[in-house]
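In: requesting a structural model of the entry that follows:
(one chain, ligands or ions: 1)
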Amino acid sequence: MGSLESKKGITMTISDRYAVFGQPIKHSKSPRIHRIFAEQTGQSLSYDAQEVPAKQFSAATDVFFAEGGKGLNCTVPLKELAWAYAGKKTARAELSKAVNTLTVQPDGSILSDNTDGCGLVSDLMINHGISLAGARILILGAGGASRGIIAPILEQSPQSLVIANRTIDKAVNLASEFHDKGRVSGCGFAALNKQQFDLILNATSASLSDSVPPLPEHLLAENGICYDLAYGNQPTPFVRWGIEHHAAKSLDGLGMLVEQAAEAFFIWRGVRPDTQAVIEVLNAERKASSPFETITTNKKYV
Ligand code: ATR
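Out: Below is the predicted model:
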């Protein structure tokens with residue numbers, strides 16, 4: 001916390017400022033999550049959501065930091081722009097080429113980081129007790145969301161990692177960027193025929209249009225798990241696909257949302273909040289929402 005001496009000699013306290021930029025941003029849960037983290041850990045800070053179109057990203061970010069902002073989260077469609085904006089990049093930001101966290105350094109430079117991948121891995125392994133070591137893992141989609149999770153998954157030594165995408169070239173090219181980090185390959189959806197996976201992660205934006213990629217019937221191994229990086233108040237189409245295909249667990253990305261936020265909070269404040277408590281609050285809230293409500297717009301970790 002800093003302090004300001006006003007003209008009348010009254011000392012005002014000011015909190016460190018944080019924000020999330022994106023478009024759309026109105027329904028972002030990030031301000032809520034960070035405010036709960038701040039309360040839990042006794043940190044004095046503000047965290048707001050600001051609607052920022054891609055064209056205005058650079059100018060809005062300049063203003064945010066010039067006015068003393070300490071850290072910024074960026075979400076769709078700004079993650080690639082945020083990556084390009086920052087003068088310094090962590091190793092995981094370098095690999096993902098898209099970032100969700102910008103932080104002012106003591107020398108005034110901006111450091112970019114991507115906490116999505118470790119947020120996903122924490123949710124899978126710690127919150128859900130899912131072991132990735134030795135697992136056959138499939139990622140659906142080869143866009144920015146996939147790129148950010150590949151290295152953190154490979155670090156857990158799965159037996160194999162397959163990236164399947166509607167545009168086949170993108171999957172093949174993306175996989176080739178990570179060949180030195182583990183057993184990873186890329187293909188189209190049709191090539192998944194006759195393969196089976198212990199864990200299927202949906203990183204396509206198909207949920208946003210209420211659809212699921214065309215997947216073969218017997219794709220999920222016995223006791224296999226489905227996980228949608230998107231989340232909603234109602235089960236996403238891919239979570240429903242998992243339930244219909246007898247997944248041992250069919251999960252959405254609410255836990256990942258909270259975990260990636262916790263990692264950003266740790267970068268900014270140096271303390272780790274209790275994510276489980278926040279996940280419980282958010283889960284209780286969505287369970288309390290009307291069961292008859294038809295929600296077709298799913299969100300991606302904002
Ligand atoms: P994000 O940053 O959310 O990953 P993106 O980079 O635009 O967004 O990537 C979206 C991903 O979802 C892509 O892999 C896209 O497939 P293409 O590369 O073929 O475009 C995938 N996708 C979007 N809608 C889809 C659909 N209806 N069925 C299958 N894949 C879809």
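In: those helices in the chain, which residues are they?
Out: For the chain, the helices defined by DSSP state H occupy 30-41, 57-66, 79-85, 91-96, 116-122, 144-154, 168-177, 237-244, 254-269, 275-288.
In: right, and these - which one's nearest Ser211?
Out: Closest to Ser211 of those is helix 237-244 (CB to CB; 6.0 Å). Where you see a C-beta, it was placed from the backbone N, CA and C, and this is true even at glycine.
In: what is the mean pLDDT for the closest one?
Out: Mean pLDDT, helix 237-244: 97.
In: likewise for stretch 141-158?
Out: Rounded mean pLDDT across stretch 141-158 is 95.
In: check whether it contacts the ligand.
Out: Yes - with CB under 6 Å from any ligand atom as the criterion, the ligand is reached by stretch 141-158 at Gly141, Ala142, Gly143, Gly144, Ala145.
In: with stretch 252-259 instead?
Out: No - using CB under 6 Å from any ligand atom, stretch 252-259 never reaches the ligand; the gap is at least 11.4 Å.
In: which residues of the stretch 101-250 of the chain lie near the ligand?
Out: Counting by CB under 6 Å from any ligand atom, the stretch 101-250 of the chain sits next to the ligand at 141-145, 165-167, 170, 204-206, 209, 211, 213.
In: for ChimeraX, what selects the buried ones among the residues you listed?
Out: Buried residues within these, by 16 or more other CB atoms under 10 Å, are selected in ChimeraX with:
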select :141,142,144,145,165,170,204,205,206,213
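In: in strands, which of the residues of the stretch 101-250 of the chain next to the ligand fall?
Out: Residues of these located in strands (DSSP state E): none.
In: looking at the residues of the stretch 101-250 of the chain next to the ligand, which is nearest the ligand?
Out: Proximity of those to the ligand (CB to the nearest ligand atom) peaks at Gly143, which lies at 2.0 Å.
In: spit out the contact partners of the closest one.
Out: Listed by CB atoms under 8 Å, 6 or more residues apart in numbering, the contact set of Gly143 reads Lys170, Ala203, Thr204, Ser205.
In: okay, those in JSON lines with pLDDT and distance to Gly119 next?
Out: As requested, the contacts of Gly143 are exported to JSON lines (pLDDT from 0 to 100; distance: CB to CB, whole Å):
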{"residue": "Lys170", "pLDDT": "98", "distance to Gly119": "23"}
{"residue": "Ala203", "pLDDT": "97", "distance to Gly119": "13"}
{"residue": "Thr204", "pLDDT": "97", "distance to Gly119": "18"}
{"residue": "Ser205", "pLDDT": "91", "distance to Gly119": "18"}
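In: which of those sit farthest apart?
Out: So for the contacts of Gly143, where distance means CB to CB, the most widely separated pair is Lys170 and Ser205, at 13.2 Å.
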